[in-house]
Every structure is written in structure tokens, then in C-alpha cells.
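Visitor: Provided below are the primary sequence and the corresponding predicted coordinates.
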Amino acid sequence: MPKIYVIDNGGQWTHRIWRVLRELECETKIIPNTTLLKDIDADGLVLSGGAARIAWESLKLGECTTYFKEFKGPILGVCVGHQLMASYYGGKAGPSEIPEFGLSKIRIIEPNDLFKGLPKEFNVWQSHNDEVKAAPGFTVLAESDNCKIQAIKHASKPHYGVQFHPEVNNTENGEAIYQNFVNVVAGKKIS
Amino acid sequence: MFKPDKFITEKIAELQNKIKGTAIIGISGGVDSTTAAIIVHKAIGKQLLCVLVDTGYMRKNEVRFNEQMLKDLGLNVMVADASDRFYSGLKDVADPEKKRKVIGELFIRVFEEIAVKQGAKYFIQGTIAPDWIESGGGLRDNIKSHHNVGGLPEKIAFEIVEPLRDLYKDEVRLVGQALGLPTAVYERQPFPGPGLAVRIIGPTDAAKAAIVREACAIVEEELEAAAKAKLMVIPWQYFAVLLPVKAVGVHGDVRAYGYVVIVRAVESMDGMSASYSRIPHEVLEKISVRITNTLKDDVSRVVFDITHKPPGTIEYE
């Protein structure tokens, strides 16, 4: 099984991501977001959410932007990880007009690897004050009523972002989303 | 998948290597601390002393019941009645974080005194993943200081050992089941370490503890009876909370003015996210009638909480 590490941006659900990956039988561990790229021997990365506010804190989150630039395998950014990803590639992220907490519904608007085999609409769990406002160079994959950019995929790189939290047990099809990401990583295994 | 048998074997070996001499464990009789105690007991046998602290904020009949249950499991149990210390330490403390820190410190001081008497160098806790995740530290924001992590004082006279640190509640239950614990023990609903003190919003005292204790007992009895009668599935966690505000009522043509009690019940897997439970109205009605009648001198209203986590948390403080 592929090696997928969880980059800890300080989220409440960082450990949950680790747990879902472990249940999918990946080789996984949680590492700080300050870990240097040269010390990471993973096939794929998941960037966790966290309390950092994208609008007025540094647009870095430790070494995360280095991973976007130089990491060879697929990356999935969750919540603030997703916001940072869009910003890094020239997009915009900032405070949501209507932040979402807990239950919300997303609609898949563009079929993609990440949502393969999933229904067009399903319930997910959210917890965000900020959101992605523009993501040039990305395809928008999903939306909710109060947040138009719920999931993105980079045009050429295997970089994915989700605003909602597939690692949370209340999110429907959450494990299937991670399984799809694991499949993407397995298909592009570096070693 | 998580393999409880493998976990147990590895932990026992690890604990046997680590613990030399006597150890004490802070035990509440809940799933986490009881499971931790059984694993450590398997590792070091009679060198483990289980200390059950009566904080004065335990549920109805809980101390007596748990003491017996733990003894029946073959553990060496000692009950430390520290209720007066907890009542006086928490007097006039209104801030929820301050409350949790006072409780964390009181717990540790009680355990330290016993550890010194017993010559124990190790202190075992049933800490699980959400406890340290929600307590914050480093990059992570503090959501609430769990008494066994963020509520700990800086100087402690023993080494802390936490065998279940990386597990969630549902995994602890699997470990408990694999260890052969009775179903009623490993399926028990969670109960916070600070106990009823965090189910009384604002300053606490023995009188308020008595009110919320009775209200919690009614919620538990009614929901367990409804589940038994197949009216609903038993929620993941269910209890009552006492608000520090009063509302007007009428009792036998006379004005009443009593506290508001909240009924809280949630569905969850691991406590890290939750949705409120869909309790049938007939069950809610029974709870409301019983609480307002039984506690008529103190409580004038009962309300039902319909908040998910997030944005809420399961408990209130």
C-alpha cells in the first residue's frame, strides 16, 4: 500500500485523517508542517486543516508551499490546506460571507478521480471561517449553497483541495473519498 | 483495520518493560480508565493500585457502583473521598477553563499524596486521543482543557503513563471487548473526568450538583427505558445540564421561579464530531414532566439542545 503522510497544520481532525488512512491500510504518520521536504519519503501527502486564518496570517503554513512546488506525488489539501493551495497558485482565499459549521450538502459539478463512484449530492461536515474565492489553474469539482468552491483539482499537477472534511465520521462517503485519493497515489507511486 | 488483540499484546509487553515497581491509576469506572487498568493489571498484576476519587460531582450511586464493578473485575481498588476539597476548590469559580484547571490540579494532588504513601513512581491515566487533541498545544487551538492533559499542573511528582493515548472511544471499546470486559462496561456512555462540575454552567456547589445529578439520572433512566422498549436506539451520549438562569413557571396557581435544565443527547463515533439525537417527542415529554415534577423547587423549565458538533461541543464547558 502507498505511503501517505499527514502534514499537521494544527487541526482538530488531523489525527482523524491519520486514522482513516490507517484503516485504508496505508503506511501513514503525522508529521509537523515544518518537516523539510528532503526528510519526507512518502508517495502522497494530505495537508490537514488548522486554526490559522488564511487572510491575515502568513501564506506559508510551515513548509507547505515547498511541498506544492517540489513534492513529486499527489497532494490533498483539506480546509486551510485547500485554501493555501489555491492561494499558492495565484488564487484568492479569505473570510466567508457565510461560514459553515457542521452539516452542509455538497453537489459534485465536475466528475473526477476524487469523487469517483459517489452520488451527485451528499451531506458533509464543515468547519470553516475562510474559503477559497478564486482558483485559477484549477477545475472546481464541487460546491455547496454557501460556498461555491468546495473542491478543486489542479489542471496539470495531481493536487486536490477540499473545503469540507471527508475525514470526519459524519461526512457521508468520506472514507470513499480518501480511498479514491489513495488510489490516485497508488497509481502514481514514485518508488 | 484496528486490531485490538495486537494492540493489547504490544501494550502489555511495552508496559512490562517500562513499569518497575508500584503504579497507581486514576480510575473513574468509565470505559477508558477501566480498559487502561485491565491492560496495566495484565502487565504488572498486583503492583497496580486503582484509585477512584469521589469528587462530589459523580452521578447518582456511581461511586459505590463503580467500586464494586472494579473489584469484581479483580482490581485492587481504593476510594478517596475528596468531595469537600473539590467543593471548596471550585467555590465561586465561574470560568469553564479555570474550572477544568482547578479540577485537574486537585485530581493530581490527591493522586500524588497516595503515590507518596504507596511509593509509586508511575501514574497511569486513561487519556485517549480527543483529550489531548482538544486540549491544544503547539499549533492546535485549545478547545477545552481536559483534566488529564491541559488541566495538569506543571510540577508533578511522578511519571505519567497513558496506554490508550492514540485511540478513540470506539477503538477503546473494541479493546475493552477483546479484554473480556462485561458489555455494560465497554458500551457505557462517556462521562467527563471533571464530572457534573462541567454540567453546571457557572459557579458550582453541592446543592447544584444535587440538582443536576438527579436530572442526569432521569435523562439516563428514561432514554435507557425507551431504548429497551425499542422506541429509539440509545444515543452515543446523553445527559442533563443546569443553566445558571431562571425562568418563571406556575405551580398550583402559585408563581414559580426556577432554573432551566437542558437535555443533551448526541450521535457520534469518536466524539470528534457529533449530531444531535432524534429523540421521539413522547420520550422527551416524559423526561420534561419527570424533571419539572421531581425537581419542582429548583427547576421550572426543560429544553432540548439541537446543536451539532461543530459548531457546538458535546458537553457544555
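Guide: Everything's here; your move. Everything numeric in this text was worked out from a predicted model, so none of it was measured.
Visitor: drop to CA atoms for contacts and neighbour counts, all remaining ones
Guide: Fine.
Visitor: which stretches of chain A aren't confidently modelled?
Guide: A:55-59, A:189-191 (pLDDT under 70).
Visitor: what's the burial count for B:S135?
Guide: Residues lying near B:S135 (other CA atoms under 10 Å in any protein chain shown) number 20.
Visitor: same question for A:K69.
Guide: 10.
Visitor: with B:F158 instead?
Guide: What B:F158 shows, counting by other CA under 10 Å, is a neighbour count of 17.
Visitor: and it, what is it in contact with?
Guide: Contact analysis of B:F158 by CA atoms under 8 Å, 6 or more residues apart in numbering or on different chains lists B:E112, B:A120, B:K121, B:Y122, B:F123.
Visitor: can you redo those as TSV with neighbour count?
Guide: Shown next, in TSV, are these (neighbours: other CA atoms under 10 Å in any protein chain shown):
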residue	neighbour count
B:E112	20
B:A120	21
B:K121	18
B:Y122	21
B:F123	23
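Visitor: now do the strands in the stretch 151-300 of chain B.
Guide: In the stretch 151-300 of chain B, the segments counted as strands under DSSP state E, counting those that start in this stretch are B:159-161, B:237-251, B:254-267, B:275-276, B:299-304.
Visitor: swap in chain A?
Guide: Along chain A, the stretches classed as strands by DSSP state E are A:4-8, A:30-32, A:44-47, A:75-78, A:92-108, A:121-134, A:138-144, A:147-154, A:159-162.
Visitor: give the pairing partners of the fourth one; include direction for each.
Guide: Read that as strand A:75-78. Note on strand A:75-78: by DSSP bridges, its sheet partners are strand A:44-47 (parallel), strand A:159-162 (parallel).
Visitor: kindly report the same for the longest one.
Guide: Within its sheet, and counting by DSSP bridges, strand A:92-108 is paired with strand A:121-134 (antiparallel), strand A:138-144 (antiparallel).
Visitor: next: the shortest one.
Guide: For strand A:30-32, the pairing partners within the sheet under DSSP bridges are strand A:4-8 (parallel).
Visitor: can I get the strand it pairs with in PDB, CA atoms only?
Guide: C-alpha atoms of strand A:4-8 as PDB (Å, rounded to 0.1, in the frame of the first residue of the first chain):
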ATOM      1  CA  ILE A   4       0.800   8.800   2.700                       C
ATOM      2  CA  TYR A   5       1.800  11.200   5.400                       C
ATOM      3  CA  VAL A   6      -0.400  13.700   7.200                       C
ATOM      4  CA  ILE A   7       1.000  17.200   7.400                       C
ATOM      5  CA  ASP A   8      -0.200  18.700  10.700                       C
END
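Visitor: out of the strands paired with strand A:75-78, deepest packed?
Guide: Highest mean neighbour count of the strands paired with strand A:75-78: strand A:44-47, a mean of 27 (counted as mean count of other CA atoms under 10 Å in any protein chain shown).
Visitor: can you pull the pLDDT of B:G151?
Guide: Predicted confidence (pLDDT) for B:G151: 69.
Visitor: right, I mislabeled it, should have said B:G56
Guide: So B:G56 comes in at 97 (pLDDT).
Visitor: now do B:A157
Guide: If you check B:A157, the pLDDT there is 79.
Visitor: would you convert the strands of chain A into JSON lines that also reports distance to A:F181?
Guide: Compiled in JSON lines, the strands of chain A are given as follows (distance: least, CA to CA, whole Å):
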{"stretch": "strand A:4-8", "distance to A:F181": "10"}
{"stretch": "strand A:30-32", "distance to A:F181": "17"}
{"stretch": "strand A:44-47", "distance to A:F181": "9"}
{"stretch": "strand A:75-78", "distance to A:F181": "8"}
{"stretch": "strand A:92-108", "distance to A:F181": "16"}
{"stretch": "strand A:121-134", "distance to A:F181": "17"}
{"stretch": "strand A:138-144", "distance to A:F181": "14"}
{"stretch": "strand A:147-154", "distance to A:F181": "12"}
{"stretch": "strand A:159-162", "distance to A:F181": "9"}
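Visitor: so which other helices or strands are in contact with the helix or strand where B:L49 lies?
Guide: Assigned by DSSP states H and E, B:L49 belongs to strand B:48-54. For strand B:48-54, the elements it packs on are strand B:23-26, helix B:31-44, helix B:62-72, strand B:77-81, judged by 3 or more CA pairs under 8 Å, 6 or more residues apart in numbering or on different chains; DSSP states H and E.
Visitor: quick one: mean pLDDT for the shortest one?
Guide: Put plainly, it is strand B:23-26. 97.
Visitor: got a list of contacts for it?
Guide: Residues outside strand B:23-26 that contact it (CA under 8 Å, 6+ apart) are B:33, B:37, B:47-53, B:111, B:115, B:120-126.
Visitor: switch the cut-off to 7 Å
Guide: With contacts defined as CA atoms under 7 Å, 6 or more residues apart in numbering or on different chains, strand B:23-26 is touched by B:37, B:47-52, B:115, B:120-125.
Visitor: same check on the longest one?
Guide: With contacts defined as CA under 7 Å, 6+ apart, helix B:31-44 is touched by B:12, B:15-16, B:25, B:27, B:48, B:125-126, B:163-164, B:172-173, B:176, B:185-186, B:188.
Visitor: the third one too?
Guide: Outside helix B:62-72, the residues within contact range by CA under 7 Å, 6+ apart are B:G29, B:D54, B:V77.
Visitor: repeat the analysis, applying 8 Å as the threshold.
Guide: If you take CA under 8 Å, 6+ apart as the criterion, helix B:62-72 is touched by B:S28, B:G29, B:T34, B:L52, B:D54, B:V77, B:V79.
Visitor: now, the most widely separated pair of the residues you listed?
Guide: B:T34 and B:D54 (15.8 Å; CA to CA).
Visitor: those two: who's more crowded?
Guide: Taking other CA under 10 Å, B:T34 and B:D54 do not tie; B:T34 has more neighbours (27 against 18).
Visitor: ok, the more buried one to A:E70 distance?
Guide: Per CA to CA, to the nearest Å, B:T34 is found 48 Å from A:E70.
Visitor: quick one on the thing from earlier: for the contacts of strand B:23-26, which one is nearest chain A?
Guide: For those, the residue nearest chain A by CA to the nearest CA is B:Q125; the value is 19.9 Å.
Visitor: residues near the nearest residue to that closest one once chain neighbours are set aside, how many?
Guide: Computed as CA to CA, 6 or more residues apart in numbering or on different chains, the closest residue to B:Q125 that is not its neighbour in sequence is B:E162, at 5.2 Å. Close neighbours of B:E162, defined as other CA under 10 Å, add up to 15.
Visitor: before we move on, the earlier item: scan the contacts of helix B:62-72 and report the most crowded one.
Guide: Neighbour max across those (other CA under 10 Å) = B:T34, 27 neighbours.
Visitor: could the strands paired with strand A:92-108 go into CSV alongside mean neighbour count?
Guide: Shown next, in CSV, are these (neighbours: other CA under 10 Å):
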stretch, mean neighbour count
strand A:121-134, 21
strand A:138-144, 20
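Visitor: still on that earlier bit, just the buried ones from the contacts of helix B:31-44?
Guide: Burial by neighbour count, 16 or more other CA atoms under 10 Å in any protein chain shown: within these this picks out B:12, B:15, B:25, B:27, B:48, B:125-126, B:163-164, B:172-173, B:176, B:185-186.
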